[in-house]
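Q: let me see the structure of the following:
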Amino acid sequence: MIDRRTVTQAIGLGAAAAALPVGAGTNAAAAPGGRTAFAPLKRIRAGLLDIGYAETGPPHGPVVLCLHGWPYDIHSFTEVAPLLSEAGYRVIVPYLRGHGTTAFLSPKTVRNAQQSAVALDVIALMDALKIPEAVLAGFDWGSRTAGVVAALWPQRVKALVPVSGYLITHLPSQRNPLPPKAEHTWWYQYYFATDRGRTALETRQNRHDLCRLVWEEASPTWNFDDAAFERTAAAFDNPDYAAIVVHN
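A: Here you go, the predicted structure:
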């Protein structure tokens, strides 16, 4: 799980960046006896979306935005958020586009999942909530999104806490093959590039089982239980989930 103490320390020091170890997985909700849910979620219209988000902590405290990755959701931060709120931070954890209760305002909007589009969602959310600047923390899609926001709107980012591997994707370099063993770990990207893979992602049971397999392969030492996965899997039933994941 995410090293919560390191997250808090990095934010407390106002670090410009911090590398946080990811060991047994990123969904902290699976910890025995740990917190497993947020208070009732909020919603707000922001840019192209009606964004569903969790919020905890003092309403006028310094803001921390926690951004989840794929195939995960806001429950990745159920243990992190209370620690930060207890330290005086206002913590906001949004569902990214295509996940959970976040919905497009118009059926005509292109289901675009380019990294800049997802980053613009974060800026729209901050504008809607009247947040001039925030600490951005995230992993996977979340860390990349935070990195893009920091690059394009640096005045909006007080500190950056990226977890797990990659930040802004350099598209030209993606044309170069990795060693075969490394390519194997990205099997689902090739799968989703086919009609068969897209259909699997659009089919509820296949989508459920596929995402669970990714959890198991990405974090082989993480002994999560069925309840932890099912809490997050509910976010994959968003009607735009398959389109957003495939486009990303």
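
Q: packing partners of the strand or helix carrying Ala146?
A: With secondary structure defined by DSSP states H and E, Ala146 is part of helix 141-152. Here helix 141-152 is seen to pack against strand 63-67, helix 115-128, strand 134-139, strand 157-163 when contacts are counted using 3 or more C-beta pairs under 8 Å, 6 or more residues apart in numbering; DSSP states H and E. Using the backbone N, CA and C atoms, a C-beta is placed for each residue, glycine as well.

Q: looking at the ones you listed, which is closest to Asn238?
A: Among the helices and strands packed on helix 141-152, helix 115-128 comes nearest to Asn238, with 14.0 Å by C-beta to C-beta.

Q: so which elements touch that closest one?
A: Judged by 3+ C-beta pairs under 8 Å, 6+ apart, the packing partners of helix 115-128 are strand 42-46, strand 49-56, strand 63-67, strand 90-94, helix 141-152.

Q: before we move on, back to that, what's the helix holding Ala146 in contact with?
A: Around helix 141-152, the neighbours that count as contacts under C-beta atoms under 8 Å, 6 or more residues apart in numbering are 65-70, 96, 115-116, 118-119, 121-123, 136-138, 156-157, 160-169, 248.

Q: in the chain, which residue is closest to the centre?
A: His68 (1.5 Å; C-alpha atoms, centre = their mean).

Q: check contacts around that one.
A: For His68, the residues meeting the contact criterion (C-beta under 8 Å, 6+ apart) are Ile74, Ser76, Phe77, Val93, Tyr95, Leu96, His99, Gly138, Phe139, Asp140, Trp141, Gly142.

Q: and for the fifth one, the neighbour number?
A: In other words, Tyr95. Neighbouring residues of Tyr95 were enumerated by other C-beta atoms under 10 Å; the total is 23.

Q: excluding its backbone neighbours, what's nearest it?
A: If the residues on either side of it in the chain are set aside, Tyr95 comes closest to Thr102, at 4.1 Å by C-beta to C-beta, 6 or more residues apart in numbering.

Q: surely the one you found touches Val118?
A: No. Thr102 sits out of contact with Val118 when judged by C-beta atoms under 8 Å, with a separation of 10.9 Å.
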